[in-house]
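Enquirer: Generate a structure from the sequence data that follows.
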Amino acid sequence: MSAPGELLSAGELRAARRSRRHPRPTQFDYLHLQALLVDIKEALARLDGSVADALDIYCGSRPYDDLFPRGAHCVGLDVEGNPYGVADVVSDRFLPFEDSSFDLVTCFEAFQYVTDPVHGVGEIRRVLRPGGVALLTVPFVWEYNRTILERRYTGPELEALFEAWDEVRVVEDGGRAIAWATLTGTLVERGRTRIPDLGGLGRVARSVLQGLFVVLNGFGYVLNVLERRLERGSTTTLPMNLLVTARKPPDG
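Expert: Numbering: from 1, shown residues only. Here you go, the predicted model:
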């Protein structure tokens, strides 16, 4: 494992991408990442028209690059000190691009770090071409770092941020069952990674606990199916994440 502040090795980078792009049932966050992946795929598949230039804000390991429209040139933006080393542009400025530079702007699980969301949405609109699309996903039920400003958004809040846009659509990604399974898995994972080796016994214990994630994820999947049936027509929700897409009006 790379030390803090160092770039990930090639193997670590591949593992980071794989864990998000192809999550496995042995991961504690499998249901969360799988539901997120499905919604991202569907949102990108709904895009109509030509996407020549795309921007991925806070791109991280860039696990979803292959899902962008065919032929699109994707620019990855990230901040100084990110450990992945695959961003095309590294800057702490939001956003260091000229007006009307992109047809698509994405930000996966990172817009919650933008300190001024109104300004952030305005900047996304500025760098989009008329008719261009913004696609953002943000966590709702997820742990946060007490030392970093991090926001949580509801569906109505996201709709309000994009109220001056066209075709605003908010998708709730996962519900109570997936949130429960993921948070329970988080607790188990924290304990699993802290088990000492103890002459090899620790490795065996860690493998057994990792196998339990398959059972936990399977139970969470069944509960999620039941929840979808029981929650039809309900006005309350507890999503794992929220995804919003919005189109910049043709008149800019």
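Enquirer: Quick one: the helices in the stretch 1-150 of the chain, in order.
Expert: For the stretch 1-150 of the chain, the helices identified by DSSP state H, counting those that start in this stretch occupy 10-21, 30-45, 117-127, in order along the chain.
Enquirer: Can you say which of those helices is nearest to residue 77?
Expert: Taking CB to CB, helix 117-127 is the member of the helices of the stretch 1-150 of the chain nearest to residue 77, at 10.2 Å. Placement of C-beta: from N, CA and C, glycine included.
Enquirer: Can I get the closest one in CSV, CA atoms only?
Expert: Coordinates of the C-alpha atoms in helix 117-127 are reproduced here as CSV (Å, rounded to 0.1, in the frame of the first residue of the first chain):
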residue,chain,number,x,y,z
PRO,A,117,-22.7,24.7,-4.5
VAL,A,118,-24.5,27.7,-6.2
HIS,A,119,-21.2,28.9,-7.6
GLY,A,120,-20.3,25.4,-8.5
VAL,A,121,-23.4,24.8,-10.5
GLY,A,122,-22.9,28.2,-12.1
GLU,A,123,-19.4,27.2,-13.2
ILE,A,124,-20.6,23.9,-14.6
ARG,A,125,-23.1,25.8,-16.6
ARG,A,126,-20.5,28.3,-17.8
VAL,A,127,-18.1,25.6,-19.2
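Enquirer: Which neighbouring elements make contact with it?
Expert: Taking 3 or more CB pairs under 8 Å, 6 or more residues apart in numbering; DSSP states H and E as contact, the helices and strands that helix 117-127 lies on are strand 102-108, strand 128-139, helix 155-161.
Enquirer: so which of those gets nearest residue 14?
Expert: Using CB to CB as the criterion, the shortest distance between residue 14 and the helices and strands packed on helix 117-127 is 18.2 Å, found for strand 102-108.
Enquirer: and that closest one, how far from the chain's centre?
Expert: 13 Å (CA atoms, centre = their mean, to the nearest Å).
Enquirer: Show residues contacting that strand.
Expert: For strand 102-108, the external contacting residues (CB atoms under 8 Å, 6 or more residues apart in numbering) are 40, 47, 49-58, 60, 64, 68-69, 72, 75, 124, 127-129, 131-137.
Enquirer: Quick one, which of the residues you listed are buried?
Expert: Burial of the contacts of strand 102-108 was assessed by neighbour count (16 or more other CB atoms under 10 Å); the buried members are 40, 47, 51, 53-58, 60, 64, 68-69, 72, 75, 124, 127-129, 132-137.
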